[in-house]
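Trainee: Turn this into a model:
(2 chains)
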Amino acid sequence: MTGRGKRETLKDSAGKVLLEVQNLHATVEGREILRGVDLTVRAGEVHAIMGPNGSGKSTLAQVLAGHPAYVVTAGHVLYVTAGHVLYEGKDLLAMAPEERAREGVFLAFQYPVAIRGITNAYFLRAAVNAIRKYRGVEELGPVEFMDALEEKLKVIGWDSSYLSRPVNEGFSGGEKKRNEILQLAVLDPKLAILDETDSGLDIDAVKTVAQTVDKLRRPDNATVLVTHYNRILTHIEPDVVHVLAGGRIVKSGGKELALELEEKGYDWLREEATVA
Amino acid sequence: MTAVADRYLADFKTFSSNGAGSAPSWLKEIRERAMARFVELGFPTTKQEEWRFTSVAPIAGTAFTLAHGPRSPLPASAEVERVALGAGPRVVFVDGRYVAQLSTATNVLAGVRAGSLAGVIGAGPIGDLVREHLARHARWEESAFAALNTAFVADGAFVHVAAGVSLDRPLEVVYLSTGHVGLEGPVVSHPRTLIVVDRGAQAAVVETYAALAGGVYWTNAVTEAVVGEGARLELFRVQREGPESFQVATTHSRQERDSYLALHVVAVGAALARHDVSTVLDGAGAELILNGLYLLSGAQHADHHTVIDHAQPHCASHEFFNGVLAERAHGVFTGRIIVRPGAQRTDSKQTNNNLLLSTEARADSQPQLEIYADDVKCTHGSTVGPIDQNQLYYLRSRGLSPEAARSILTYGFGAEILDRMRHPDVRARLDRLVRERLGGG
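Mentor: Down below sits the predicted model:
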């Protein structure tokens, strides 16, 4: 693995807690979906969150990104921004969605939103510049931005024609997902949450997603892959696999847990959870 | 007869016996018939279905006097430059009359004629061409406003592109109002535009209506555009009249076989505006893009009433109107699509999307489909609502502030329409206008 050597030299950030979710409870439209989620993500790690439909995977992803329709009823989420340690971590839940993004949290949407009249290029540059401005870095002009984008486009196998199309408007399901990955590559977040980005993709597209995530992997960032299938995990090796069921993480383990789930499904875990 | 009709009739008598007296007999006859028709019809009221959302009582209730062209000093050419949209040749009118000193569209290209209508009425072969088309397409018998314009036809723009000629630079017709109020009160002008693009020709024309100053005045415009067999016309119509003004306008187009017409309508001005667009696809294989945008704020009211008449088979029409309504503004859109018996394989699409930026803004959207053929594809859809919360959240999740996100989403309503415009210079100028109106974006 190419990241190894780097990881050694960046020992400072690697292994430090980046995200700490404690006893998180959340409701949507009055229904309780999350019922006490605990999760610790360290810098340099890739976590997979698996689980049956309706277990709360997407809710967890949206709560972390700040979707206004989800109400947190109990628990804490601490997010450690650059140069801080956990006891100095910020209360993520108190931050507006845009603040989270500017602090390096990125959610790849399960259902990306279409925006009429706004080209992909315009949108991406607006996002990059909003973040640069917040960090006190000079904003990029259209030409500089296009130059910087060229390379990222290659990664996901797109030509620049996708940049002049309105954001996700008339995009196929697969194109929308690739567009999320393009944003991920361009925004280069500290904490990337991918909400079923692999669903509905053909195997080549899944590989592209996996390769992009792998390329962006660094000792000072982390990825949380929310997925229903083991497929993507054969291309990205997760450090930790969690099973979310009934709004709680019922089991955590290494990559072998994903294989076990692939074989046995989720039913045995439900029984285990009930017994426990 | 009402007192209002009496007033216009008296004006008409004065008009006919003055400068208009030298007109050829065919034109005099049309004027008289049109005046008689106006008197019969009178101003519409909101009891009439086609006017139910728009009251023209403020127009009927104001004693307008006929505009008589510019006073000295003439507006500076820099002022024309400020409101004009293209960098190409121009035909300029001030308070209803052609102003040669401000116009630059002489000897544009062999086969292209652009200038004053008054100058070519009754002038040899061109006069015959005018006679063939003027008031033959606009349905003034059905509209009091078009009838009134026709009764007072005196000046306006005439654009002719001869067969096979291709004009790259856009020709611009600029109708300026100075907003001067004379001793007799506010003025009305009746600008008339006739555009004839012959078989196989290609052109882009911009019609701009603008004010040089505020004040109450009324522009009652009629445009007729004829697109010949296999010809292509991109026609931009930009309405940026003064904030206290009234504009009523009708645009009529007729397309022949295999022709292409893109009609872009942008309305940002006037206190009260009504635009009737009536298009006829009158030859097989004709294609129409009807693409409109209205950006309104304050207490502005704009009503777009469009009719697309599929009279022949194998034609396509794509209609898109977007509205952005702030404060107490009111936008009205009616989109009537008629597919005549025998107009098989018609492909027609209509959308009207309205963005409400305040709880007091209002939009009324009415599609009307009348389909008398069986092998057709017709779709329509309309939306009215505030900024979409999912879109807002999506943009915020990428680091944009709520204000920036709102501004981008609002601009998107305009940009979607601008993106369909082909002529880059005109589109760029309109983009600037849209950004100005929306305050950033």
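
Trainee: Over to residue B:303. Which of the three states is it?
Mentor: The local conformation at residue B:303, judged by DSSP: H, G, I helix; E, B strand; the rest coil, is strand.

Trainee: how close does it get to chain A?
Mentor: Residue B:303 sits at a distance of 23 Å from chain A (criterion: CB to the nearest CB, to the nearest Å). To be clear about C-beta, it is placed using only N, CA and C from the backbone, and glycine gets the same treatment.

Trainee: can you pull the contacts of that residue?
Mentor: B:53, B:54, B:273, B:274, B:275, B:331, B:332, B:333, B:334 (CB atoms under 8 Å, 6 or more residues apart in numbering or on different chains).

Trainee: on contacts alone, who are the packing partners of whichever helix or strand residue B:364 is part of?
Mentor: Assigning secondary structure by DSSP states H and E places residue B:364 in strand B:362-371. Other helices and strands packing on strand B:362-371, by 3 or more CB pairs under 8 Å, 6 or more residues apart in numbering or on different chains; DSSP states H and E, are strand B:316-325, strand B:330-339, strand B:347-356, strand B:377-385.

Trainee: Just put those in JSON lines and tack on mean pLDDT.
Mentor: Written out in JSON lines, the entries for the helices and strands packed on strand B:362-371 read as follows (pLDDT from 0 to 100):
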{"stretch": "strand B:316-325", "mean pLDDT": "98"}
{"stretch": "strand B:330-339", "mean pLDDT": "98"}
{"stretch": "strand B:347-356", "mean pLDDT": "97"}
{"stretch": "strand B:377-385", "mean pLDDT": "96"}
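
Trainee: nearest to residue B:24, of these?
Mentor: For the helices and strands packed on strand B:362-371, distance to residue B:24 was read as CB to CB. The smallest value, 34.3 Å, belongs to strand B:330-339.

Trainee: how about the closest one as PDB, C-alpha atoms only?
Mentor: These are the backbone C-alpha positions of strand B:330-339, laid out as PDB (Å, rounded to 0.1, in the frame of the first residue of the first chain):
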ATOM      1  CA  HIS B 330     -47.200  39.200  -9.500                       C
ATOM      2  CA  GLY B 331     -46.400  37.100 -12.500                       C
ATOM      3  CA  VAL B 332     -48.900  35.500 -14.800                       C
ATOM      4  CA  PHE B 333     -48.200  32.900 -17.500                       C
ATOM      5  CA  THR B 334     -50.700  31.400 -19.800                       C
ATOM      6  CA  GLY B 335     -49.500  28.900 -22.300                       C
ATOM      7  CA  ARG B 336     -52.000  27.800 -24.900                       C
ATOM      8  CA  ILE B 337     -51.000  25.100 -27.400                       C
ATOM      9  CA  ILE B 338     -53.200  24.300 -30.300                       C
ATOM     10  CA  VAL B 339     -52.600  21.300 -32.400                       C
END
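
Trainee: Helices of the stretch 151-276 of chain A, residue ranges please.
Mentor: For the stretch 151-276 of chain A, applying DSSP state H, counting those that start in this stretch gives helices covering A:173-187, A:203-216, A:255-264, A:267-275.

Trainee: for those, which one ends up most surrounded?
Mentor: helix A:173-187 (a mean of 20; mean count of other CB atoms under 10 Å in any protein chain shown).

Trainee: Is chain B within reach of that helix?
Mentor: Yes - contact of helix A:173-187 with chain B (CB under 8 Å from any CB of the partner chain) involves A:183, A:187.

Trainee: Mind listing residues that contact that helix?
Mentor: So helix A:173-187 is in contact with A:101, A:106, A:108-109, A:111-112, A:120, A:124, A:127-128, A:131, A:148-149, A:152-153, A:155-158, A:162, A:167-168, A:171, A:192, A:194, A:197-198, A:200-202, A:205, A:208-209, A:212-213, A:215-216, B:398-399, going by CB under 8 Å, 6+ apart.

Trainee: So what angle separates the directions of that helix and helix A:203-216?
Mentor: Direction vectors for helix A:173-187 and helix A:203-216, defined by axes from the mean of the first three to the mean of the last three CA atoms, to 10 degrees, enclose an angle of 10 degrees.

Trainee: Centre of the chain to helix A:173-187, how far?
Mentor: Average the C-alpha atoms of helix A:173-187, do the same for its chain, and the two points are 12 Å apart (CA atoms, centre = their mean, to the nearest Å).

Trainee: ok, back up a step: top of the contacts of residue B:303 by neighbour count?
Mentor: Neighbour counts for these peak at residue B:331, which has 29 neighbours (criterion: other CB atoms under 10 Å in any protein chain shown).

Trainee: For the stretch 1-150 of chain A, what lies in contact range of chain B?
Mentor: Where proximity means CB under 8 Å from any CB, the interface of the stretch 1-150 of chain A facing chain B comprises A:65-68, A:96-98, A:100-102, A:106-107, A:109, A:112-113, A:115-118, A:122-123, A:126-127, A:130-131, A:134.

Trainee: Please flag which of the residues you listed sit within helices.
Mentor: When DSSP state H is applied, the residues of the stretch 1-150 of chain A next to chain B are split such that A:65, A:97-98, A:100-102, A:122-123, A:126-127, A:130-131, A:134 fall in helices.

Trainee: Using ChimeraX, define a selection of the buried residues within those.
Mentor: If you want just the buried ones from these in ChimeraX, going by 16 or more other CB atoms under 10 Å in any protein chain shown, the selection is:
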select /A:65,97,98,100,101,102,122,123,126,127,130,131
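
Trainee: Turn the ones in helices among the residues of the stretch 1-150 of chain A next to chain B into TSV, including pLDDT.
Mentor: As requested, these are exported to TSV (pLDDT from 0 to 100):
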residue	pLDDT
A:65	97
A:97	98
A:98	97
A:100	97
A:101	97
A:102	96
A:122	94
A:123	96
A:126	96
A:127	97
A:130	96
A:131	95
A:134	94
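
Trainee: Against chain A, how distant is residue B:126?
Mentor: Distance from residue B:126 to chain A, by CB to the nearest CB: 42 Å.

Trainee: and what of residue B:279?
Mentor: For residue B:279 relative to chain A (CB to the nearest CB), the value is 24 Å.

Trainee: ok but that residue is inside a helix, no?
Mentor: No - when classified by three-state DSSP, residue B:279 is found to be strand rather than part of a helix.
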